[in-house]
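[1] need a structure here:
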Amino acid sequence: MTVEPQKSWGIPLCCCLIAAAHLLGVWYCARTYSPTWDELPHMVSGRLHWDYGWFRPYHVNPPLARLLATTPGICSAVSIENPYTVSPQARPEFSLANAYLTKHSPPAFQWLVEARWATAAFSALGIFFSYRWAKTLYGGGAAVIAVLLWSVCPNLIGHAALCTPDVAAAALGVGTGYAFHLWLKESSWRNTAFLTLLLSLAQLTKFTWLFLYLLFPVIWILVRYGNKENRWRAITQFAACCVVSVFLINLCYGFEGSFTKLGEFEFISESLGGIHPKDTAANRFQDSWLGSLPVPLPYNYVCGIDSQRYDFEKGLWSYFRGEWRQGGWWQYYLYALAIKVPLGTWLLLAVTVYCSIRGNGYSAGWRNELALLSPGAALLVLVSSQTGFNHHLRYVLPALPFFFIWISQLGQAFERRHKIRWLVIASLAWTAISSLSVFPHSLCYFNETIGGPRNGHYHLGNSNTDWGQDLFNIKRYYDEHPEVRPFHLGYDQWMIDPRIAGIVYEDLPKTPQPGWFVVSVNRIHDRSGNYEYFLRYEPVDYIGYTTHVYHLTQEQIDAREARP
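    Here you go, the predicted structure:
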C-alpha cells in the first residue's frame with residue numbers, strides 16, 4: 001500500500017501571517033495619514049469616471065486603480081459637480097478636488113480612507129503573485145522570503161496606504177510577469193488568456209507598462225524561438241493576446257472616443273504635435289496619410305500619453321541633494337533606491353549576485369531569470385532615461401518585486417543547510433527592523449547610509465519625504481501645545497489649506513524672527529530659498545519626519561546671525 005505524502009501547510013500559513021501583518025500595518029497607515037497631494041484628485045477623477053463617463057481628469061494615469069477605489073459601493077456619498085470643457089493643457093482634477101474638499105470637508109477625509117482600501121487589496125494581490133512566482137522558480141523557502149521582502153518594504157507599505165496607482169502598477173506588473181513566465185513554459189490557450197487579462201490590467205494602471213508589448217516578444221525570441229514545433233502557435237497566441245488586451249483597455253474606458261482618427265487629436269507635446277507655440281494644441285499627423293487612420297484606443301488614453309510627454313519635454317523644477325534644476329538627473333532613481341531601500345535588502349541583493357557568479361546552484365536557469373529580471377530592469381532604465389523632471393521614487397516602485405523574487409532564491413540555503421543561511425537571516429532581520437523602526441512614517445523612510453529619515457530632506461523631496469501626510473499630526477500637536485502661539489506654520493499646502501483641519505496659524509516670515517515656527521521640510525527647501533535660514537537653527541521638536549518645530553528667541557537670532 002502506497003502512502004501519499006501529505007501536503008505541508010506550514011509555508012502557505014507563514015506567508016499568510018506575514019501578509020496579514022502587512023495589511024494590518026497598511027490599514028493603520030491609511031487611517032492615520034492625512035490626504036497627500038495626488039489622492040483627492042484621483043478620488044474625484046474616479047467619481048467623474050463613474051458618474052459621467054468622463055475620463056479627461058487625471059488622464060496622465062490610466063483609470064483602473066481609481067475606478068476600483070471609488071466604486072459606488074465604497075464612495076457612494078461622494079458628490080462631484082458636472083464636468084466642464086477644459087483646454088488640452090489643463091489639469092482639471094486639481095481645481096475640482098479643491099472645490100470638492102471645500103464643499104465636503106471633513107467627511108471627505110473619511111471617504112478617502114475608504115478609497116484607500118482598494119490599494120491595500122492590490123498590495124495583497126502583489127504579495128500573492130510574488131509568492132506564486134518565487135515558489136515556482138525556487139521553492140517554498142524562497143516564497144517566504146519574497147513575501148517578507150514585499151511586506152516589510154517601507155516604500156510599498158507607505159504607498160499601499162494611499163489612493164494612488166503605484167502599488168497597483170507594482171502588483172499587476174509582477175502578476176503580468178508571472179503570467180508571461182507560465183506562458184513561456186507552456187503556450188496553451190489557458191495561459192494565453194491569463195496573460196491577456198494581466199497584461200490588460202497592467203496597462204490600465206500605468207502607461208509605463210506599455211513597453212511590455214515590445215519586451216515580451218524579444219524575450220520569447222531569445223528563449224523559445226528555436227522551438228519550431230510551437231513557433232507559429234505561440235505567435236498566433238501572442239497576437240491574439242495583444243488584440244484582446246486592446247479591446248479590454250477600450251472596455252474599461254467605455255469605448256470613450258475609441259477609433260478617433262489620428263489627425264483629429266489635439267496634441268500638446270512636440271513628439272505628437274510637432275513644434276508649435278507654447279500653450280496651444282497641434283497635430284503633426286493632421287496633413288499626412290497617417291491622419292486618416294483610426295486609433296484603436298480610447299481618446300483620453302492617447303491624450304494621457306501625450307500629456308506625459310509634454311511634462312517631460314517642457315521640464316519641471318526638480319530637487320536633488322540640495323539643488324533645484326529645471327529638469328532632472330539620470331542617476332536620480334538609482335540614488336533614491338540606494339538610500340530609500342533598507343540596507344538589509346541591498347545586502348541580500350549582493351549575496352544573490354555573488355551566488356549567481358559563483359554558481360551555487362540556486363539559479364532557476366538563465367531563461368527563467370531573463371524573463372524575471374527583464375521587466376524590472378527595463379522599467380528602471382526607461383524611467384531613468386526620462387530626465388524632464390525627477391520628483392518621486394514611486395515611479396520605479398513597480399520594479400522592486402521582480403528583484404525581490406530574484407533575491408528569494410536564497411531561501412534554498414535553508415533547505416540545503418548552507419552556512420549562508422545565517423547571513424540571510426541577519427539581512428532579513430535588518431531589513432524588517434530598519435523598516436519597522438520608522439513605522440507608521442514609512443513614506444519618509446531612508447536607510448542608515450545618510451543617517452535615517454531625519455536627514456532625508458537634504459537628499460530628496462516631494463513624496464519621498466513630505467507629501468502632506470502629517471497634517472493630522474500637526475493638528476494634534478497644535479491642540480496639545482497651546483503654548484505654541486502664535487502658531488507660525490509653513491505647510492506645503494498643495495491641496496489642503498490647514499485651516500480646513502482647524503488650525504489657526506500665521507505665515508512664516510522670510511527673515512528670522514522670535515517666536516514658534518512649525519515648518520515642513522519641503523518648505524525649508526522651497527525653491528525660493530526664503531526659508532533656508534531655518535537650517536541654521538536646531539529644532540526643539542519634531543512632528544513625524546516631515547515637520548520641524550522651532551522656538552527662536554531674539555538672543556539666539558542675534559548670536560546666530562552675527563556669525564560669518
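[2] Tell me which other helices or strands the helix or strand of the chain with the lowest mean pLDDT touches.
    Least confident helix or strand of the chain, by mean pLDDT, DSSP states H and E, is helix 92-104 with a mean of 82. Helices and strands in packing contact with helix 92-104 are listed as helix 39-52, helix 107-138; criterion 3 or more CB pairs under 8 Å, 6 or more residues apart in numbering; DSSP states H and E. No exception for glycine: its C-beta is placed from N, CA and C like everyone else's.
[3] Quick one: residues in contact with the first one.
    Identification of contacts with helix 39-52 by CB atoms under 8 Å, 6 or more residues apart in numbering yields 54-55, 57-58, 61, 63, 65-67, 69-72, 75, 78, 80, 82-83, 93-94, 96-97, 100-101, 108, 111-112, 115-116, 162-165, 495-496.
[4] Could you pick out the buried ones from these?
    54-55, 57-58, 61, 63, 65-67, 69-70, 75, 78, 80, 93-94, 96-97, 100-101, 108, 111-112, 115-116, 162-165, 495-496 (16 or more other CB atoms under 10 Å).
[5] Helix 107-138 and the least confident helix or strand of the chain, what's the angle between them?
    Taking axes from the mean of the first three to the mean of the last three CA atoms, to 10 degrees, one finds helix 92-104 and helix 107-138 inclined to each other by 130 degrees.
[6] Taking helix 39-52 as reference, get the angle to helix 92-104.
    Our comparison of helix 92-104 with helix 39-52, counting by the same axes, to 10 degrees, yields an angle of 90 degrees.
[7] Kindly export helix 92-104 (C-alpha atoms) in PDB.
    Below are the C-alpha coordinates for helix 92-104, written out as PDB (Å, rounded to 0.1, in the frame of the first residue of the first chain):
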ATOM      1  CA  PRO A  92      -8.900  69.900 -14.200                       C
ATOM      2  CA  GLU A  93      -8.600  67.300 -11.500                       C
ATOM      3  CA  PHE A  94      -6.800  69.600  -9.100                       C
ATOM      4  CA  SER A  95      -9.300  72.500  -9.200                       C
ATOM      5  CA  LEU A  96     -12.100  70.000  -9.000                       C
ATOM      6  CA  ALA A  97     -10.500  68.400  -5.900                       C
ATOM      7  CA  ASN A  98     -10.100  71.800  -4.300                       C
ATOM      8  CA  ALA A  99     -13.700  72.700  -4.900                       C
ATOM      9  CA  TYR A 100     -14.800  69.200  -3.700                       C
ATOM     10  CA  LEU A 101     -12.800  69.500  -0.500                       C
ATOM     11  CA  THR A 102     -14.100  73.000   0.300                       C
ATOM     12  CA  LYS A 103     -17.600  71.700  -0.100                       C
ATOM     13  CA  HIS A 104     -17.400  68.300   1.700                       C
END
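[8] so what's the residue nearest to the spatial centre of the chain scoring on pLDDT?
    The C-alpha lying nearest the average C-alpha coordinate of the chain belongs to residue 166 (CA atoms, centre = their mean; 2.9 Å). On pLDDT, residue 166 comes in at 97.
[9] That one against residue 396, yeah?
    No. Shown here, residue 166 and residue 396 do not form a contact pair, counting by CB atoms under 8 Å, at 9.6 Å.
[10] And stretch 286-303, what's buried?
    When neighbours are counted by 16+ other CB under 10 Å, the buried residues of stretch 286-303 are found to be 286, 295, 297, 298, 299, 300, 301, 302, 303.
[11] and which of those is nearest residue 25?
    Among those, residue 301 lies closest to residue 25 (CB to CB), at 34.2 Å.
[12] helix or strand for the closest one, which one?
    Mapping residue 301 onto the secondary structure by DSSP states H and E places it in helix 299-314.
[13] what residues are up against the closest residue in space to residue 430 that isn't next to it in sequence?
    Counting by CB to CB, 6 or more residues apart in numbering, the nearest residue to residue 430 once its immediate chain neighbours are dropped is residue 344, at 3.2 Å. Remark: with contacts taken as CB under 8 Å, 6+ apart, residue 344 is in contact with 426, 427, 428, 429, 430, 431, 432, 434.
[14] Could you rerun that using 7 Å?
    Residues touching residue 344, when contacts are defined by CB atoms under 7 Å, 6 or more residues apart in numbering, comprise 427, 428, 430, 431, 434.
[15] Would you agree residue 492 is in contact with residue 465?
    No. The pair residue 492 / residue 465 is not scored as a contact, 9.9 Å apart, by CB atoms under 7 Å.
[16] what touches both of the two?
    Taking CB under 7 Å, 6+ apart as the contact rule, the neighbours common to residue 492 and residue 465 are residue 522.
[17] Among the contacts of residue 344, which one sits closest to residue 136?
    Of all these, the one sitting nearest residue 136 is residue 428; the distance, using CB to CB, is 21.0 Å.
[18] just the helices in the stretch 151-300 of the chain please.
    For the stretch 151-300 of the chain, the helices defined by DSSP state H, counting those that start in this stretch occupy 154-160, 166-185, 189-203, 212-224, 231-252, 270-273, 299-314.
[19] closest to residue 549 out of those helices?
    Distances from residue 549 to each of the helices of the stretch 151-300 of the chain were compared using CB to CB; the shortest belongs to helix 154-160, at 22.7 Å.
[20] So which residues lie in contact with that closest one, not counting its own?
    Outside helix 154-160, the residues that touch it by CB under 7 Å, 6+ apart are 22, 25-26, 29, 119-120, 123, 150, 166-167, 170, 340, 393-394, 397, 435, 438, 442-443, 445.
[21] Which members of those occur in helices, if any?
    Secondary-structure check on the contacts of helix 154-160 using DSSP state H: residues within helices are 22, 25-26, 29, 119-120, 123, 150, 166-167, 170, 340, 435.
[22] ok, residue 177 - contacts?
    By CB under 7 Å, 6+ apart, residue 177 lies in contact with 372, 375, 402.
[23] So for the second one, what pLDDT did the model give?
    In this prediction, residue 375 carries a pLDDT score of 97.
[24] my guess is it contacts residue 402, does it?
    Yes. Using CB under 7 Å, residue 375 and residue 402 qualify as a contacting pair, with a distance of 5.8 Å.
[25] Following the record's annotation, map out the domains of the chain.
    262-326, 332-444, 470-561 (automatic domain parsing).
[26] would you list those domains in CSV and tack on distance to residue 196?
    Formatted as CSV, the domains of the chain follow (distance: least, CB to CB, whole Å):
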stretch, distance to residue 196
domain 262-326, 16
domain 332-444, 17
domain 470-561, 37
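[27] Out of those domains, which is closest to residue 454?
    The closest approach between residue 454 and any of the domains of the chain, judged by CB to CB, belongs to domain 470-561 at 6.5 Å.
[28] Let me know which of the domains of the chain is tucked in deepest.
    Burial of the domains of the chain is given as mean neighbour count (mean count of other CB atoms under 10 Å); domain 332-444 ranks first at a mean of 19.
[29] where does the stretch 401-550 of the chain have low pLDDT?
    Using pLDDT under 70 as the threshold, the predicted model of the stretch 401-550 of the chain has low-confidence ranges 493-495.
[30] And the strand or helix carrying residue 371, what does it pack against?
    Secondary structure assigned from DSSP H and E places residue 371 in helix 366-385. Helix 366-385 is packed against helix 166-185, helix 212-224, helix 332-340, helix 400-407, with contacts defined by 3 or more CB pairs under 7 Å, 6 or more residues apart in numbering; DSSP states H and E.
[31] Try it again at 8 Å.
    Applying 3+ CB pairs under 8 Å, 6+ apart, one finds that helix 366-385 makes contact with helix 107-138, helix 166-185, helix 212-224, helix 332-340, helix 400-407.
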